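Undergrad: no sequence on this one, just coordinates:
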């Protein structure tokens, strides 16, 4: 979706603020927001693509004025309601009002190291051969889906070159909406700065995205 | 606040709206049995204490010292990094990109905050922020200047926008005058920013 998360190429946010001490967390609530997001993710009630979509579908004004872990918190709130695990009323009044809904699993502290070590690999075996090879010229499609996508606006309808072929990976545009993993080939596509930003671009710059086969056509 | 009004305020009266919101969410999830608060503690401890950019620095120092390891990193970074014990969440599919005198690599996630956790830990605030995410792809040379990195005008700059589950680790150039240094000493020269591409490795004089 063309939401506020898709920041590449925007202007006006000002200089980059670099902290001197860079604490991992800035307050206790950030620790809890981080931990409960991961712990709820481990219940298997949704996948990482649904999680990203919950965050990016915050209204643009709210997304851009919320801190990072505020966005995570709001994302979890949306996900638990959508999954039927918590009601909107319970969130509003800040307490549990009815019994629990069935849940696949609960993350136990002793299982944390193993769960993190396992991670969530997204590569899948598929039968179809890759349509493109390293060195091929490809054009990204001009897609503007209402739902989740990982094709950023600045790289739509642009011509680039296949630089890496990564194997077949879970397709987020489908997986974010409960349509299954629908794995397809994933590529690194490299564009010149000129192709992305026009003739004023720095000629020494090139930029790549990782793009699924559905995002691409031959050029 | 007068004592008469004490009943209007509970113990949380000093907390901000977001603190209350997170606290309420956690208490609902715990009460319903979906979350074990001790698991939250364990998750936080992992990323606050156990995982961080010293992991990535070991990978880089080994790549600088050991040509066979460097070649392995080039061809299968996931396996080469796993061999040092750095595996798992947000590092499931790794690619290492090497800086050269002619080309400088820099990593961003314009769409969210994708970052190689097993080797770098959690990302700094600036990496997740709108100023970096918006400009890293449009004006990387300007972004580098804000980090105090001034490359020759002829150096190519290669930006990697991590839009999928592949995570990129920049292998900075090994500083001159480091011949004969041990891997441990070399790792001291490898900064977190040099592995994102917003910095360079430190000179050996800087750590003496």
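TA: Now that the structure is in, tell me what you want to look at. Everything numeric here is computed off the predicted structure, so don't read it as measured data.
Undergrad: thought residue B:166 was touching residue B:96, still the case?
TA: No - taking contacts as Cβ atoms under 8 Å, residue B:96 lies outside contact range of residue B:166: 11.2 Å. Quick note: C-beta positions are derived from backbone N, CA and C, even for glycine.
Undergrad: show me where chain B has its strands.
TA: Counting by DSSP state E, the segments of chain B that form strands are B:93-98, B:103-108, B:156-161, B:166-171.
Undergrad: may I see those organised as a markdown table, with distance to residue A:30, mean neighbour count and mean pLDDT added?
TA: As requested, the strands of chain B are exported to a markdown table (distance: least, Cβ to Cβ, whole Å; neighbours: other Cβ atoms under 10 Å in any protein chain shown; pLDDT from 0 to 100):
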| stretch | distance to residue A:30 | mean neighbour count | mean pLDDT |
| --- | --- | --- | --- |
| strand B:93-98 | 27 | 21 | 98 |
| strand B:103-108 | 22 | 24 | 98 |
| strand B:156-161 | 26 | 23 | 98 |
| strand B:166-171 | 22 | 25 | 98 |
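Undergrad: which among these is found nearest to chain A?
TA: Evaluated with Cβ to the nearest Cβ, the strands of chain B place strand B:156-161 nearest to chain A, the distance being 4.4 Å.
Undergrad: residue A:86 belongs to a strand, doesn't it?
TA: No - judged by DSSP: H, G, I helix; E, B strand; the rest coil, residue A:86 forms no part of a strand; its state is coil.
Undergrad: ok, it to chain B distance?
TA: Using Cβ to the nearest Cβ, to the nearest Å, residue A:86 is found at 6 Å from chain B.
Undergrad: now the strands of chain B in a markdown table, with distance to residue A:96?
TA: Shown next, in a markdown table, are the strands of chain B (distance: least, Cβ to Cβ, whole Å):
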| stretch | distance to residue A:96 |
| --- | --- |
| strand B:93-98 | 38 |
| strand B:103-108 | 40 |
| strand B:156-161 | 41 |
| strand B:166-171 | 37 |
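Undergrad: in chain A, which helix or strand is least confident?
TA: Ranked by mean pLDDT, DSSP states H and E, the weakest helix or strand in chain A is helix A:88-93, scoring a mean of 95.
Undergrad: which secondary structure elements does it contact?
TA: If you count contacts as 3 or more Cβ pairs under 8 Å, 6 or more residues apart in numbering or on different chains; DSSP states H and E, helix A:88-93 packs onto helix A:68-82, helix B:17-31.
Undergrad: now check the last one, is it near chain A?
TA: By that I understand helix B:17-31. Yes - residues of helix B:17-31 contacting chain A under Cβ under 8 Å from any Cβ of the partner chain: B:18-29, B:31.
Undergrad: what does the least confident helix or strand of chain A contact?
TA: For helix A:88-93, contacts defined as Cβ atoms under 8 Å, 6 or more residues apart in numbering or on different chains pick out A:77, A:80, A:81, A:96, A:97, A:98, B:24, B:25, B:28.
Undergrad: re the thing from before, quick one: which of the residues of helix B:17-31 next to chain A has the most company?
TA: residue B:22 (27 neighbours; other Cβ atoms under 10 Å in any protein chain shown).
Undergrad: looking at the residues of helix B:17-31 next to chain A, which is nearest residue A:36?
TA: residue B:26 (5.4 Å; Cβ to Cβ).
Undergrad: so who does that closest one touch?
TA: Residues in contact with residue B:26 (Cβ under 8 Å, 6+ apart) are A:32, A:36, B:35, B:37, B:40.
Undergrad: what's the most distant pair in these?
TA: Pairwise distances across the contacts of residue B:26 peak at 10.1 Å for A:32 and B:35 (criterion: Cβ to Cβ).
Undergrad: burial count for residue B:37?
TA: 16.
Undergrad: which residue ranges form the strands in chain A?
TA: Under DSSP E, chain A gives strands at A:137-140, A:159-169, A:184-192, A:205-212, A:216-218.
Undergrad: which one of these is the most hemmed in?
TA: Burial of those is given as mean neighbour count (mean count of other Cβ atoms under 10 Å in any protein chain shown); strand A:205-212 ranks first at a mean of 26.
Undergrad: pull the distance from that strand to the chain's centre.
TA: Distance of strand A:205-212 from the chain centroid (Cα atoms, centre = their mean, to the nearest Å) equals 16 Å.
Undergrad: and residue 182, what's its pLDDT?
TA: I went with chain A, as the question did not name one. With respect to pLDDT, residue A:182 has a value of 98.
Undergrad: wrong chain, I was asking about chain B
TA: pLDDT, residue B:182: 97.
Undergrad: which residue, other than its chain neighbours, is closest to the residue most central in space within chain A?
TA: Nearest residue to the geometric centre of chain A (Cα atoms, centre = their mean): residue A:52, 4.4 Å. Distances taken as Cβ to Cβ, 6 or more residues apart in numbering or on different chains put residue B:112 closest to residue A:52, at 5.8 Å, once the chain neighbours are dropped.
Undergrad: also residue B:118?
TA: Nearest residue to residue B:118, sequence neighbours excluded (Cβ to Cβ, 6+ apart): residue B:91, at 3.6 Å.
Undergrad: got the contact list for the one you found?
TA: A:119, B:78, B:81, B:116, B:117, B:118, B:119, B:167.
Undergrad: columns distance to residue A:205 on top of these, output as a markdown table?
TA: As requested, those are exported to a markdown table (distance: Cβ to Cβ, whole Å):
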| residue | distance to residue A:205 |
| --- | --- |
| A:119 | 32 |
| B:78 | 28 |
| B:81 | 28 |
| B:116 | 23 |
| B:117 | 27 |
| B:118 | 29 |
| B:119 | 25 |
| B:167 | 22 |
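Undergrad: which stretches of chain B form helices?
TA: B:17-31, B:37-45, B:53-65, B:67-75, B:77-82, B:117-120, B:125-128, B:130-135, B:140-146, B:183-187, B:192-196, B:204-207 (DSSP state H).
Undergrad: highest average neighbour count across those?
TA: helix B:117-120 (a mean of 26).
Undergrad: stretch A:19-27: end-to-end distance?
TA: Stretch A:19-27 has an end-to-end distance of 15 Å (Cα to Cα, to the nearest Å).
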